[in-house]
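Peer 1: here is my input, please return the structure:
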Amino acid sequence: MKNIFRTISMSAAVILMLQGCKSEKIEYVTTDGLSGDAVGYLSMAAFDLRVADYAEEITSSSVDPVSVTRAGKDFNSTTEASGDYVIRIRNIKTSEEQKMTYAEFKQAGDKQIPLTPGTYVVSAESSDYEGYMSDAGLAGWESPVYYGEVTATILSRKETEVSGIVCRLANVKATVSVTPDLAGLFMSDSECETQGAQKLSVTLSAGDNSLQYGRTEMDAVKAGYFKVQDKPVTLDVVLRGHYNKAAADAEPEYIDVNWKTSLPDCKAGQWRKISIGVTGAAEGDVKFEVTVENWTYDEVVDVDVTKLYAFAEETIEDVDISDEDSPVLTLADGDISKGCTLHSGMYDDVLKKWKENLRFILTPAAGAAVRSVSVEIGSDNADFLAAVDALGVRKRTVQVYPDNSTLSSCLLVSDNAGVLTFALNDSGMTQLFQYKGKHSLKVTAEDDMRRTSYTCLEITCMEGEVSLSGPEILWTSSDGSIDYDFDKEYVIDENLQVAIKVSSESRFTEFDVVIDSDILTGEVLGAVGLSDNLDLINPGTAESMLNQLGFPTGTDVTSRQEVSFDISGFLTMIEGLAQGGGTYCNFRLVVSDGNGTTEKTIQLKVRQAE
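Peer 2: Purely as a prediction, here's the structure:
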């Protein structure tokens, strides 16, 4: 699918940036040499800087690490930040920045800050955040950092209020535990020292940076922290040690093991709590999964010892639990929790249109604006997943707001005072319906206060077919009274006319005119800046000449679902050029949209002298 994107207008973008900011008109005096018309004010009189409580580390080593939970279940529980937190006010366009500590801010008498009109990021961070992020290392012990930001738009002669920021954990916290049953199967540290054997340890790595958790670190629930920069990180997990593979009633038989797995998509603000263990069972086919597998060590079982383990991981950040007051996604014509079904009865075979198109509505909380929306796609149809992979997106996750370029030919996005509507057009409905089975969508929406919602939806495409067709191409006379047949060849005379109308159910993704002629040769076309393969969507330097000849180009093609052009006046020129030799001129139209490609050829010949 090519990029044909319905952009949000500038006025709507301004409205979005102003969401959540309180504004009122007041009279200002000139400040720092600037006139009142050239100044706006950022009001921080009620500003409160908070730190999310749930990110605090657990230090108690007397609690079983497997059952440790976050202290306080309230996701929004916070405490006031310390005075050494750093506050920054940065102009997005110019990068000019004001900086102060939270203590300095609280001591300042005037909390009304004059600023040049524009859009600003007001951020806060723990005192060690800047140094931590600029350091090359990606991993460290007991090194949490915190960050938060809001966006404010300053308007001339108006006051914009920012009432507070909540700083959340800005790196990944990771703790590791090994259950007593599994730990008992490894040689003790003291014996390993005596025999020079590998002690039990779990190593977490992010790139070339790693932390090793031995029994001491695991018993103390010691926390490691991993840096997150532009994108989530993958933590590689390696368990090593001298492992007893013998049955419980047999003499120990130790072997060195090196068990590996990885935890992808680790994000800032998460506490990755990794537990490695086993439980007793009578099965020997133990697989490597993110659950505790059943196996036995009180019977002799013939299994591959490298599979006798399992990793269980708990994400304390409640990744799939939506924040309070986060954006709410609903299905326009149904209950989103029950999913939806597409069937052939929803398609009108006569009109070649869908009677019902899927529409989703995303509503932010009062005073907030949607910041980003992405969709993670799953399916039981391998062909559908292959089509998703062909889009070139990571982990089958597609961004649909604010940038919808990947799906722009089939998904339309509209904004109504901050409420977003996502609608599959007819092309999108038809493309989705051809992949039968159950498709899952996980929609992640974040607002400008960094509150995130997670909505899961299942779409079932039932058996049945609808007709798939690319654009429709018609050739008529200029007034539409005569229909011409593309399968026939027509003689150029004073009565022949070429008026073309091309229509699409979605948007045009390709529109080429290929010339095959002994009249309009490469030499003739080159003399006027043209070639025998004309791209009307991306015409380049040929655009001006194409427009003069009557062909539409660029956005006159891509922004419409119907394109008409009349090149009847071009015929006289062709007939004149034929006097120098040549008998025919064919124009092959190659037009594509989200449903397919249509090719039609205008076949013309010149009159022969009698």
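Peer 1: which residue is nearest the centroid of this protein?
Peer 2: Closest residue to the average C-alpha location of the chain: residue 399 at 2.7 Å, with Cα atoms, centre = their mean.
Peer 1: list the residues that contact that one.
Peer 2: Residue 399 makes contact with 372-374, 406, according to Cβ atoms under 8 Å, 6 or more residues apart in numbering. Where C-beta positions appear, they are placed from N, C-alpha and C, glycine not excepted.
Peer 1: that one bridge partners, please.
Peer 2: Beta-bridge partners of residue 399, counted by DSSP bridges, are residue 374.
Peer 1: gap between it and residue 391?
Peer 2: Going from residue 399 to residue 391 by Cβ to Cβ, to the nearest Å gives 11 Å.
Peer 1: again, but for residue 602
Peer 2: Residue 602 sits 35 Å away from residue 391, going by Cβ to Cβ.
Peer 1: more neighbours, those two?
Peer 2: When neighbours are counted by other Cβ atoms under 10 Å, residue 602 comes out ahead of the other of residue 602 and residue 391, with 19 against 12.
Peer 1: name the helix or strand for the more buried one, please.
Peer 2: Using DSSP states H and E, residue 602 sits in strand 596-606.
Peer 1: what pairs with that strand, parallel or antiparallel?
Peer 2: The strands beside strand 596-606 in its sheet (DSSP bridges) come out as strand 489-492 (parallel), strand 584-593 (antiparallel).
Peer 1: show me which residues of that strand are buried.
Peer 2: 598, 600, 602-606 (16 or more other Cβ atoms under 10 Å).
Peer 1: same question, stretch 261-279
Peer 2: Buried-residue list, stretch 261-279, by 16+ other Cβ under 10 Å: 261, 263, 265-278.
Peer 1: of all those residues, which comes closest to residue 353?
Peer 2: residue 265 (39.0 Å; Cβ to Cβ).
Peer 1: thinking again about what came up before, just the ones of the buried residues of stretch 261-279 in helices?
Peer 2: Counting by DSSP state H, no part of the buried residues of stretch 261-279 is found in helices.
Peer 1: tell me the domain ranges of this protein?
Peer 2: 31-169, 172-315, 328-461, 472-606 (automatic domain parsing).
Peer 1: check the strands paired with strand 596-606 for me and report the most buried one.
Peer 2: Most buried of those, by mean neighbour count (mean count of other Cβ atoms under 10 Å): strand 584-593, with a mean of 20.
Peer 1: name the helices or strands packed onto the strand or helix carrying residue 104?
Peer 2: Per DSSP H and E, residue 104 falls inside helix 102-107. Using 3 or more Cβ pairs under 8 Å, 6 or more residues apart in numbering; DSSP states H and E, the elements in contact with helix 102-107 are strand 86-91.
Peer 1: can you name the residues in contact with the strand it packs on?
Peer 2: Contacts of strand 86-91 (Cβ under 8 Å, 6+ apart): 42, 49, 96-102, 105, 113, 115-116, 118-127, 129-130.
Peer 1: drop anything exposed from those.
Peer 2: Applying 16+ other Cβ under 10 Å to the contacts of strand 86-91, the neighbour count classes 42, 49, 102, 105, 113, 115, 119-120, 122-127, 129 as buried.
Peer 1: for stretch 576-590, how far is the first residue from the last?
Peer 2: By Cα to Cα, to the nearest Å, the extent of stretch 576-590 from end to end equals 27 Å.
Peer 1: contacts for that stretch?
Peer 2: Under the contact criterion Cβ under 8 Å, 6+ apart, stretch 576-590 has outside partners 473, 489, 500, 502, 510-521, 524, 574, 597-606, 608.
Peer 1: burial check on residue 608, number of neighbours?
Peer 2: By the criterion of other Cβ under 10 Å, residue 608 has 8 neighbours.
Peer 1: pLDDT weak spots in the stretch 101-250 of the chain?
Peer 2: For the stretch 101-250 of the chain, applying pLDDT under 70 flags no range at all.
Peer 1: please enumerate the helices of it.
Peer 2: With DSSP state H, counting those that start in this stretch as the criterion, the stretch 101-250 of the chain has helices at 102-107, 129-134, 180-183, 189-195, 215-219.
Peer 1: follow-up on the earlier one: CA atoms only: put the helix holding residue 104 into PDB for me.
Peer 2: The C-alpha trace of helix 102-107 is given here as PDB (Å, rounded to 0.1, in the frame of the first residue of the first chain):
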ATOM      1  CA  TYR A 102      12.300  22.400  41.600                       C
ATOM      2  CA  ALA A 103      13.600  24.000  44.800                       C
ATOM      3  CA  GLU A 104      14.600  27.200  42.900                       C
ATOM      4  CA  PHE A 105      11.200  27.200  41.300                       C
ATOM      5  CA  LYS A 106       9.300  27.000  44.600                       C
ATOM      6  CA  GLN A 107      11.400  29.800  46.000                       C
END
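Peer 1: what's the neighbour count on residue 131?
Peer 2: 9.
Peer 1: same check on the one 10 residues further on?
Peer 2: With neighbours defined by other Cβ under 10 Å, the count for residue 141 comes to 11.
Peer 1: where in this protein is pLDDT low?
Peer 2: Checking the chain against pLDDT under 70 turns up 1-38, 54-76, 278-320, 350-351, 464-469, 505-506, 580, 594-595, 609-610.
Peer 1: please redo it, this time with the cut-off set to 50
Peer 2: Low-confidence regions of the chain, defined here as pLDDT under 50, cover residues 1-35, 55-75, 280-310, 315-319.
Peer 1: contacts only, for the closest residue in space to residue 246 that isn't next to it in sequence.
Peer 2: With Cβ to Cβ, 6 or more residues apart in numbering as the criterion, residue 246 has its nearest non-adjacent residue at 4.1 Å, and that residue is residue 253. Going by Cβ under 8 Å, 6+ apart, residue 253 touches 244-246.
Peer 1: got phi/psi on residue 253?
Peer 2: Main-chain dihedrals, residue 253, degrees, to the nearest 10: phi -130, psi 100.
Peer 1: now it: how far from residue 189?
Peer 2: 19 Å.
Peer 1: need the contact partners of stretch 124-135.
Peer 2: With Cβ under 8 Å, 6+ apart as the test, stretch 124-135 has contacts from 49, 81-82, 84-88, 101-102, 143-149, 165, 167, 170-171, 227, 229.
Peer 1: chain center to it, what's the gap?
Peer 2: Relative to its parent chain, stretch 124-135 has a centroid offset of 27 Å by Cα atoms, centre = their mean, to the nearest Å.
Peer 1: now do stretch 529-545
Peer 2: 34 Å.
Peer 1: do the same with stretch 570-589
Peer 2: That offset, for stretch 570-589, works out to 50 Å (Cα atoms, centre = their mean).
Peer 1: buried set for it?
Peer 2: Within stretch 570-589, the residues scored as buried using 16+ other Cβ under 10 Å are 570-571, 574-575, 577-578, 582, 584-585, 587-589.
Peer 1: which of these lies closest to residue 564?
Peer 2: Nearest member of these to residue 564, counting by Cβ to Cβ, is residue 589, at 12.9 Å.
Peer 1: now the closest one: how far from residue 515?
Peer 2: Counting by Cβ to Cβ, the gap from residue 589 to residue 515 is 11 Å.
Peer 1: wait, what's in contact with the residue lying closest to residue 419 once chain neighbours are set aside?
Peer 2: Residue nearest to residue 419 in three dimensions, not counting chain neighbours: residue 363, with 5.2 Å by Cβ to Cβ, 6+ apart. By Cβ under 8 Å, 6+ apart, the contact list for residue 363 reads 327-328, 330, 419.
Peer 1: please enumerate the strands of the stretch 501-610 of the chain.
Peer 2: Along the stretch 501-610 of the chain, the stretches classed as strands by DSSP state E, counting those that start in this stretch are 508-517, 533-535, 562-566, 584-593, 596-606.
Peer 1: I'd like those strands laid out as JSON lines, including distance to residue 223.
Peer 2: Formatted as JSON lines, the strands of the stretch 501-610 of the chain follow (distance: least, Cβ to Cβ, whole Å):
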{"stretch": "strand 508-517", "distance to residue 223": "50"}
{"stretch": "strand 533-535", "distance to residue 223": "57"}
{"stretch": "strand 562-566", "distance to residue 223": "61"}
{"stretch": "strand 584-593", "distance to residue 223": "53"}
{"stretch": "strand 596-606", "distance to residue 223": "55"}
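Peer 1: sounds good, over and out.
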